[in-house]
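J.: Kindly generate the corresponding structure for this input.
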Amino acid sequence: MAGHEIPEPADRKQVADPWSDPQPVGESRPSCDPAFRHGVVVGFDGSTSSERALAYAIGMACRLSSGLIIVHVANRLPTTVWAGCEPPVFVDVPDHRTEVLGLELACADYLAEVPWVLVERGGDICHELEEVGREYSADAIVVGSTHGLVGRLFGSVAGRLARRAQRPVIVIP
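T.: From the prediction side, this is the model:
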């Protein structure tokens, strides 16, 4: 049937104008895996206190039959911009620690009991843990306590997070 055209349905809605200019889409984080929605977020850096927090979070995720979102926040260091009197700029410092932690976690037998994902972020630890908690609609954020002089002088991550978080924060001693 050469030359025969199929008519368009009368009730068809036009989704986009083919002759309009495409608009740039704002930068956003990739959507999180729905299997981990309402999971348990845990801050992990490989320290002893974060290992205790991880152990508690694993048990909590098992009891809730939910996923575990393990968050490692990479360091960001301020750098001074010398050209002009511009404010400091924060740059991401390559942090191979996340790769090492990911390999250690992948080989860990104790994580076989619960589905988990490792999320790497850069920036302020408190802000990033809360942001991941918001993205995943987490039921709780679990962190280890700080036992050092720096934490006492400047405030611990756990203390700052507990004051500002919009969801329950569990601090493991």
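
J.: ok, which stretches of this structure are strands?
T.: For the chain, applying DSSP state E gives strands covering 40-43, 68-74, 76-79, 89-92, 116-122, 140-144, 169-172.

J.: quick one, which of the ones you listed is packed in tightest?
T.: Compared across these, strand 40-43 shows the largest average neighbour count, a mean of 28 (mean count of other CB atoms under 10 Å). To be clear about C-beta, it is placed using only N, CA and C from the backbone, and glycine gets the same treatment.

J.: tell me what it is packed against?
T.: Contacts of strand 40-43 with other secondary structure elements, assessed using 3 or more CB pairs under 8 Å, 6 or more residues apart in numbering; DSSP states H and E, are made with helix 48-64, strand 68-74, helix 125-135, strand 140-144.

J.: Of all these, which one is nearest residue 157?
T.: Between residue 157 and these, the shortest separation by CB to CB is 5.0 Å, and it involves helix 125-135.

J.: Buried ones in the closest one, by neighbour count?
T.: Residues of helix 125-135 classed as buried under the neighbour-count rule (16 or more other CB atoms under 10 Å) are 125, 126, 128, 129, 130, 131, 132, 133, 135.

J.: need the contact list for the third one.
T.: When you say that, I think you mean residue 128. Taking CB atoms under 8 Å, 6 or more residues apart in numbering, we find residue 128 in contact with 71, 73, 121, 122.

J.: Columns distance to residue 97 on top of those residues, output as CSV?
T.: Output for the contacts of residue 128, formatted as CSV (distance: CB to CB, whole Å):
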residue, distance to residue 97
71, 13
73, 10
121, 13
122, 12
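
J.: looking at the protein, which helix or strand is least sure?
T.: helix 149-154 (a mean of 51; mean pLDDT, DSSP states H and E).

J.: Of the contacts of residue 128, which one scores lowest on pLDDT?
T.: In terms of pLDDT, the least confident member of those is residue 122, at 86.
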